[in-house]
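Enquirer: Predicted coordinates and the sequence they were generated for:
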Amino acid sequence: MEKGNFAAALAALNEGKKVARAGWNGWKTGKKFQVVKQKAYPDGIGINANTAEALGLPEGTVVKFAPYLMLCVSQQPENGNVEEMICQPWTPSQVDQLAEDWMTVE
C-alpha cells in the first residue's frame, strides 16, 4: 500500500497486513511502531493466568474474544540482543483516523 488513509489501512489490516503511519517518528530513533489486527476467538479460548486473575476466573476458563487492534512497539536493545517488543490494545485517535500517511510495514 502506498501512503493512504485510514480506510486503506483498515483494508490492509483485514488482509492480515501490518500498518503504521509514516508520521510516527519512532522509525528514526530505532523504534518500530506497527498496528496489527488481533483475530477473534468466537468459539472461545482458555485464558492464561494474567487474564484469569483480571477477570476473577479460574485459569483455563474458555472465554470468547472479539477482534481488536493492537499497537506493537519494538526496539533493538543496546546490548544487541533479540528485539524487545511491547504490545497493547489500541484505539486510533481522530488525528490517526484522518491522517493520509498510513502504509503497510514488514
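Expert: In hand now; what should we look at?
Enquirer: Show me where the protein has its helices.
Expert: 6-14, 49-55, 94-98 (DSSP state H).
Enquirer: Now the ones you listed in CSV, please, with extra columns for mean pLDDT.
Expert: Below are these laid out as CSV (pLDDT from 0 to 100):
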stretch, mean pLDDT
helix 6-14, 97
helix 49-55, 97
helix 94-98, 96
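Enquirer: Please name the bridge partners of the residue nearest the centre of the chain.
Expert: Centroid check for the chain by C-alpha atoms, centre = their mean gives Met70 as the closest residue, at 2.4 Å. For Met70, the beta-bridge assignment (DSSP bridges) gives partners Val36, Pro89.
Enquirer: And for the one 5 residues further on?
Expert: Beta-bridge pairing of Gln75 under DSSP bridges involves Lys31, Glu84.
Enquirer: do you know how far it is from Tyr41?
Expert: According to C-beta to C-beta, to the nearest Å, Gln75 and Tyr41 sit 29 Å apart. For every residue, glycine as well, the C-beta is placed using N, CA and C.
Enquirer: Kindly report the same for Ala99.
Expert: For Ala99 relative to Tyr41 (C-beta to C-beta), the value is 30 Å.
Enquirer: cool, Leu98 as well?
Expert: 31 Å.
Enquirer: still on that earlier bit, quick one, which of Ala99 and Tyr41 is more surrounded?
Expert: Ala99 (19 against 14; other C-beta atoms under 10 Å).
Enquirer: Identify the residues contacting the spatially closest residue to Asn5 that is not a sequence neighbour.
Expert: Take Asn5 and drop its neighbours on the chain: the residue closest to it by C-beta to C-beta, 6 or more residues apart in numbering is Glu100, 5.4 Å away. By C-beta atoms under 8 Å, 6 or more residues apart in numbering, Glu100 lies in contact with Lys3, Gly4, Asn5.
Enquirer: Kind regards, and thank you for your time.
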